[in-house]
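Asker: Generate coordinates for the sequence data below:
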Amino acid sequence: MQEIFEEKEIVISETTPIIPMKDLVVFPSMLLPIFVGRPMSLKAVKESLNKDKLILFVTQKDPTIETPHPEDLFEVGTVALIMRQLSLPDGKLKLLIQGLTKAAIKEYVQVSPFLIAKITPLEDKKVPEITVETEALMRNVREQSEKILSLKGVDYEDIIAILNSIDEPGHLADIISSNLRFKLSDAQQALETLDPIKRLNKVNELLEKEFQVSSVQAKIRSQAREEMGKIQREYILREQLKIIKKELGEFDEIDEEIEELREKIERARMPKAAEKEALKQLERLSMMHPDASDAHVIRTYLDWLVELPWRRSTKDKLDIKQAKKILDEDHYNLEKVKERILEYLSVKKLNPQAKGAILCFVGPPGVGKTSLGKSIARALGRKFARISLGG
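Answerer: Reported below is the predicted structural model:
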């Protein structure tokens, strides 16, 4: 990774290149790695590295837009310093950036091949003193953050230690917003709020909502674990019951069906990969309740697998004159198409070991695509099969 950071006073110029962010709001004081892959963003990084290594990160309003225009971006972002860069084999860049300050876009001076805009740095309002109410608010957001991280199963001791060391309301709000990854619209609203107390109040509201969501998620995970435990217990009991029935010589209809499918799989002489998958699905079916929704799907899939003619084949009749006669009997005109088919059959006759080719007939309904396929099958002495692929 190339080190490009130098200790010197940083001066933010009036114009700077822009990197649109799809799913992240960059805050001041954030130190984070990002991956850059879009052509316009790669060109913006190159321009920044050749200039002052500063770049404005602005979040997209719609993360699905691949090539955003000025109207697709929010008007406030964060100026960051590119500290390191690493070129990846696929042409992308991995950057280590340090958020410096918020900035508002005054106007765009270039939109192609990448975005450049005139910007105005934004500063937070000064907090004259930390009142009792503010201190209580800061303590509350720290405690809420700890609860949320605990519910998410995150090792939070280091993060909480950092939060406890911050005594500026605005900085605390930014650090929490950057680590808990709120919804993009909520995080952007927090970024645009220049009053530190108001911003911290906004973050406190978001934390209350996030705590409720995380509590429900934790409850769902707990229920899922209990359900998995129940399924495992049922599996063990079913296996024990199966052994008992086998010892007693008692098999129900489901057991008989499973054994019958197992015998069909063995007789089908499938390739190893197909047989492995078939046996895997058969084991799944044996552990399911017969009325389960997936049971019918798996049963149908296995029936289809065992009915395929895995090891059965026919010997081709590569008589070019006979093939031409059949094609002419079945189709009037279509000389170019019939000529191409005869060329394929001739190559097949000259090189019998060559792999089979796929002939694709394209055209509207009724022009003879299916009947040509039938004629080829008749000429080769094969059975014609029609399979609808859908889509």
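
Asker: which phi and psi does the nearest residue to Gly91 once chain neighbours are set aside have?
Answerer: Among residues not flanking Gly91 along the chain, Gly37 sits closest, at 7.4 Å (Cβ to Cβ, 6 or more residues apart in numbering). Where you see a C-beta, it was placed from the backbone N, CA and C, and this is true even at glycine. Main-chain torsions, Gly37, degrees, to the nearest 10: phi -140, psi -20.

Asker: before we move on, what about Leu93?
Answerer: Backbone torsions for Leu93, taken as degrees, to the nearest 10, come to phi -120, psi 140.

Asker: ok, it - contacts?
Answerer: Shown in contact with Leu93 (Cβ atoms under 8 Å, 6 or more residues apart in numbering): 35-37, 42, 45, 85-87.

Asker: which among these gets closest to Lys317?
Answerer: Gly37 (54.3 Å; Cβ to Cβ).

Asker: related to what we said a few turns ago, the residue nearest to Gly91: what's it in contact with?
Answerer: Gly37 touches 90-93, counting by Cβ under 8 Å, 6+ apart.

Asker: quick one: it from Lys94, how far?
Answerer: Distance from Gly37 to Lys94, counting by Cβ to Cβ, to the nearest Å: 10 Å.

Asker: try Leu261
Answerer: On the measure of Cβ to Cβ, Leu261 and Lys94 end up 50 Å apart.

Asker: Next: Lys118.
Answerer: 29 Å.

Asker: Show me how this structure divides into domains.
Answerer: According to automatic domain parsing, the chain comprises the domains 7-122, 124-250, 253-307, 320-380.

Asker: Same list, those domains, but as a markdown table with mean pLDDT please.
Answerer: Converted to a markdown table, those look like this (pLDDT from 0 to 100):
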| stretch | mean pLDDT |
| --- | --- |
| domain 7-122 | 90 |
| domain 124-250 | 82 |
| domain 253-307 | 84 |
| domain 320-380 | 82 |
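
Asker: And the spatially closest residue to Asp319 that is not a sequence neighbour, which helix or strand is it part of?
Answerer: Excluding the flanking residues, the one nearest Asp319 by Cβ to Cβ, 6+ apart is Ala379, at 7.7 Å. Using DSSP states H and E, Ala379 sits in helix 369-380.

Asker: again with Met270
Answerer: Applying DSSP H and E, one finds Met270 in no helix or strand.

Asker: Pick out whichever of Leu261 and Lys94 has more residues nearby.
Answerer: Set Leu261 next to Lys94 and count neighbours by other Cβ atoms under 10 Å: Leu261 wins out with 22 against 15.

Asker: Need the residues that contact the helix or strand containing the more buried one.
Answerer: Per DSSP H and E: Leu261 is located in helix 253-267. The contact list for helix 253-267 (Cβ under 8 Å, 6+ apart) reads 242, 245, 251, 275, 278-279, 282, 285-286, 290, 299, 302, 305-306.

Asker: what ranges do the helices span in the stretch 51-200 of the chain?
Answerer: 132-151, 157-165, 169-180, 184-192, 196-248 (DSSP state H, counting those that start in this stretch).

Asker: For Leu49, which of those helices is the nearest?
Answerer: helix 169-180 (24.1 Å).

Asker: Would you mind putting the CA coordinates of that closest one into CSV?
Answerer: C-alpha atoms of helix 169-180 as CSV (Å, rounded to 0.1, in the frame of the first residue of the first chain):
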residue,chain,number,x,y,z
PRO,A,169,-21.3,16.9,21.6
GLY,A,170,-20.8,17.3,17.9
HIS,A,171,-17.8,15.0,17.7
LEU,A,172,-19.6,12.4,19.8
ALA,A,173,-22.7,12.5,17.5
ASP,A,174,-20.4,12.1,14.4
ILE,A,175,-18.5,9.1,15.9
ILE,A,176,-21.7,7.3,16.8
SER,A,177,-23.4,8.0,13.5
SER,A,178,-20.3,6.7,11.6
ASN,A,179,-20.1,3.5,13.7
LEU,A,180,-23.7,2.5,14.0
